[in-house]
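S.K.: The amino acid sequence is not available; the structure is as follows:
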């Protein structure tokens, strides 16, 4: 009877059907990445700081342009007033010369000389008016007003006779110049990249988990959920990681030399501006 039961039993059990489907939710939580995540967060902060410095640099350029065009318009208006006064004098001089010539007191060449002076004064007045319009268009472009109104400067040109020494401005620029700040940011980014490249030699450890939300024809022997810890460690990858480290060291030197040159150029440029300002004063 036992033999017959064994012979008649179904020994071909189906553990898992060939066609099945599952819907699952998976999670992976890095526990250790060799500093990659921390360095990426720091790099993001540096990028934000560099963007802020780029905005400061743009603001500085726009303020310089605005001041140049604003006081350029103020100067152009003063020039026009002077040209008008010159024209009045030239007209009076020509009128007097015409009377003297009509009475035979001066020669015709002197009358022609007075006429040339009058014509030159008229030309200078027209030139001054056109120059005002050109500068005003540039000022409007800088201000970008909502309405089509002309801007007239309320502040006149001035000279600041109390000026600190050149060393004060060089120190101030080294501490606040946005371009130098951006170079410092690039240097920090390269340092973080170098740390990340070194972290590629370390393993990555993460917690993993999965849960079956729905299934069809799935084996009853398969678990509905699982939790575990995974480790990935690349032992050999050719020379890629080593070459990245060497490239990072080269970039670090390049940024260092660029920083030195930027400081030297900034000092030279500030000295030039300072001496020009002293000459203008």
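M.R.: Received it, and whenever you're ready, just let me know what you need. No experiment lies behind these values; they were computed from the predicted model shown. Numbers count the residues shown, from 1 in each chain.

S.K.: Mind jotting down where the helices sit in this protein?
M.R.: For the chain, helices defined by DSSP state H occupy the ranges 2-8, 36-102, 108-143, 166-176, 178-199, 240-280.

S.K.: Deepest in the core, which of those helices is it.
M.R.: Stretch with highest mean neighbour count among the helices of the chain: helix 178-199 (a mean of 18; mean count of other CB atoms under 10 Å). Using the backbone N, CA and C atoms, a C-beta is placed for each residue, glycine as well.

S.K.: chain center to that helix: distance?
M.R.: How far helix 178-199 lies from its chain's middle: 16 Å, per CA atoms, centre = their mean, to the nearest Å.

S.K.: what helices or strands is that helix leaning on?
M.R.: Judged by 3 or more CB pairs under 8 Å, 6 or more residues apart in numbering; DSSP states H and E, helix 178-199 is in contact with helix 36-102, helix 240-280.

S.K.: got the angle for that helix vs helix 166-176?
M.R.: On the basis of axes from the mean of the first three to the mean of the last three CA atoms, to 10 degrees, helix 178-199 is oriented at 40 degrees to helix 166-176.

S.K.: And the contacts of helix 178-199?
M.R.: Outside helix 178-199, the residues that touch it by CB atoms under 8 Å, 6 or more residues apart in numbering are 33-36, 39-40, 42-43, 46-47, 49-50, 53-54, 56-57, 60, 173-174, 241, 244-245, 248-249, 251-252, 255-256, 258-259, 262-263, 266.

S.K.: quick one: low-confidence parts of the stretch 151-281 of the chain?
M.R.: Within the stretch 151-281 of the chain, no stretch has pLDDT under 70.

S.K.: Kindly recompute the last result at 80.
M.R.: Within the stretch 151-281 of the chain, the ranges that satisfy pLDDT under 80 run 151.

S.K.: Residue 16 touches residue 222, doesn't it?
M.R.: Yes. Here residue 16 lies in contact with residue 222, judged by CB atoms under 8 Å, at a distance of 7.5 Å.
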